[in-house]
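Chemist: Here is a sequence together with a model predicted from it:
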Amino acid sequence: MSGTATQPLYIGSEIYRGSTYGPSHPLAIPRVTICTDLCRAMGWLDDTQFRTAPLARREDVERFHDPAYVTALFRAEASQRVSEADRARFQIGAEGNPVYAEIYRRPMTSAGGVMLACRTVLAGGIVHCPGGGTHHGRPARASGFCYLNDPVLGLLTWLEAGLDNIVYLDIDAHHGDGVQDAFHNDPRVLTISVHEDGRWPFTGRVSDRAGGAARNLPVPEGFNDTEMRCLMQEAVLPLVEARRPQAIFLQCGADSLLEDPLARLGLSNNAYWEVVEAVMPLTPRLVVTGGGGYNPYTVGRCWAGVWATLNGIVIPDHTTAAAEAVLRGLVYNRAAGRNPPEHWFTTMRDSPREGPVRDEVRRVAAMALREEVFG
Ligand SMILES: [Zn+2]
């Protein structure tokens, strides 16, 4: 591959290697580095398409985040502790948002990577930034393992460059609440979130339109590949096509996969790759990020396959020997990690998880297209 401007770029960083939220936290696991290592081991990524995410500048982050909160994150990393006042005010060291070794630099790197991604595609193009996607971050507090909200910062980069017709599509198992709230009532950004019904943060009902700027598609437990295809064809793609967006930001949290320990949806990685393939022709500017995802084997294979899809690479059923070695080198302390099935090592592509399309899925799709929603 030669590094021409029309080729997709991959933005990663070594800061994620060995970084952990602590041994018993769902983010004890490697994710971005597994994706990067798998892409290289499959022969899909060389240095011409790779960029290292820069640390964000404080002034860029403070377009959305409270400077006192950013300072508190810096202080927490420097001291590796948090005062009671900061814990109470900013939710640092509370509610699943621990103080950890890179608590300032890692979110600042994710934010820097996503903002670079959004700047890079201004002239047109595609960027994959698997370290991004922290969609729960709030202006002045941590939430849901997210400290900064890098999608919001990326979308602001586009808006400030003059784009005024943007779609944010979020297929993480959890509602993209932080992004939706940031653009509440803003006609320039349509946020669309597909997420598990009744799961934390318990927002994003189908009737929640964020003043007209959002569509929410809550889906039931066991949500399968056929149902995702139905939702895309009957609701998401018509909504996006009707807007003809100047740019699409796709948050690909991998916790909607069947094997994820924090949600109860049932997708295979084929469904993710189909979504990516479906949105690619709908816009001249596409940024794809990660998000949630708490099984390192399935997250790594899913996000690596996203990169292959963005490059038009046909994903083989089986891993190369080098990719298999990456997967076999993983340590995953949850129950599912003690006896990982062989296909987590030897295949990239899951078996498809097709199934019946339940009425509630069709109903949600139909409601998302309605002009007005009551109740
Ligand atoms: Zn999630």
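Modeler: Good, I have the coordinates.
Chemist: Give me the residues contacting the host helix or strand of residue 158.
Modeler: Element membership for residue 158 (DSSP states H and E) is helix 150-160. Residues from elsewhere that reach helix 150-160 (Cβ atoms under 8 Å, 6 or more residues apart in numbering): 56, 60-61, 63-64, 107, 110-111, 113-115, 117-119, 122, 132-135, 137, 166, 168, 176, 178-179, 182-183, 188-189, 246-247, 249, 251, 285, 287, 289. Where C-beta positions appear, they are placed from N, C-alpha and C, glycine not excepted.
Chemist: Out of the residues you listed, name the ones that lie in helices.
Modeler: Counting by DSSP state H, the part of the contacts of helix 150-160 found in helices is 60-61, 107, 110-111, 113-115, 117-119, 178-179, 182.
Chemist: Counting neighbours, which of these comes out on top?
Modeler: By neighbour count, taken as other Cβ atoms under 10 Å, the most surrounded of these turns out to be residue 110 (34 neighbours).
Chemist: pLDDT averaged over the helix holding residue 158 - what is it?
Modeler: Rounded to a whole number, the mean pLDDT of helix 150-160 is 98.
Chemist: Distance from the chain centre to it, please.
Modeler: Averaging C-alpha positions (Cα atoms, centre = their mean, to the nearest Å) puts helix 150-160 15 Å from its chain's average.
Chemist: buried residues in it?
Modeler: Residues of helix 150-160 classed as buried by neighbour count (16 or more other Cβ atoms under 10 Å): 150-159.
Chemist: does that helix come close to the ion?
Modeler: No: Helix 150-160 lies out of reach of the ion by Cβ under 5 Å from the ion, never closer than 12.6 Å.
Chemist: cool, stretch 193-203 as well?
Modeler: No: if you take Cβ under 5 Å from the ion as the test, stretch 193-203 misses the ion, and the best it gets is 7.8 Å.
Chemist: Between the two ends of that stretch, what distance do you get?
Modeler: Distance between the boundary residues of stretch 193-203 (Cα to Cα, to the nearest Å) amounts to 11 Å.
Chemist: try stretch 140-158
Modeler: Taking Cα to Cα, the first and last residues of stretch 140-158 lie 22 Å apart.
Chemist: can you offset everything so residue one is 379?
Modeler: Got it, the first residue is 379 from now on, which makes the last one we talked about stretch 518-536.
Chemist: coming back round to it: check the buried residues of helix 528-538 against residue 652 and report the nearest one.
Modeler: When those are compared for distance to residue 652 (Cβ to Cβ), residue 529 wins out at 21.5 Å.
Chemist: So which of the contacts of helix 528-538 reach the ion?
Modeler: Checking the contacts of helix 528-538 against the ion by Cβ under 5 Å from the ion, not one of them is in range.
Chemist: Retrieve the pLDDT associated with the nearest residue to residue 562 once chain neighbours are set aside.
Modeler: Distances taken as Cβ to Cβ, 6 or more residues apart in numbering put residue 588 closest to residue 562, at 4.6 Å, once the chain neighbours are dropped. Among the per-residue scores, residue 588 holds a pLDDT of 92.
Chemist: Over to residue 751?
Modeler: According to the per-residue confidence, residue 751 scores 71 in pLDDT.
Chemist: Skipping its backbone neighbours, what lies nearest residue 479 in space?
Modeler: The spatial neighbour of residue 479 that comes closest, neighbours along the chain excluded (Cβ to Cβ, 6+ apart), is residue 397 at 6.8 Å.
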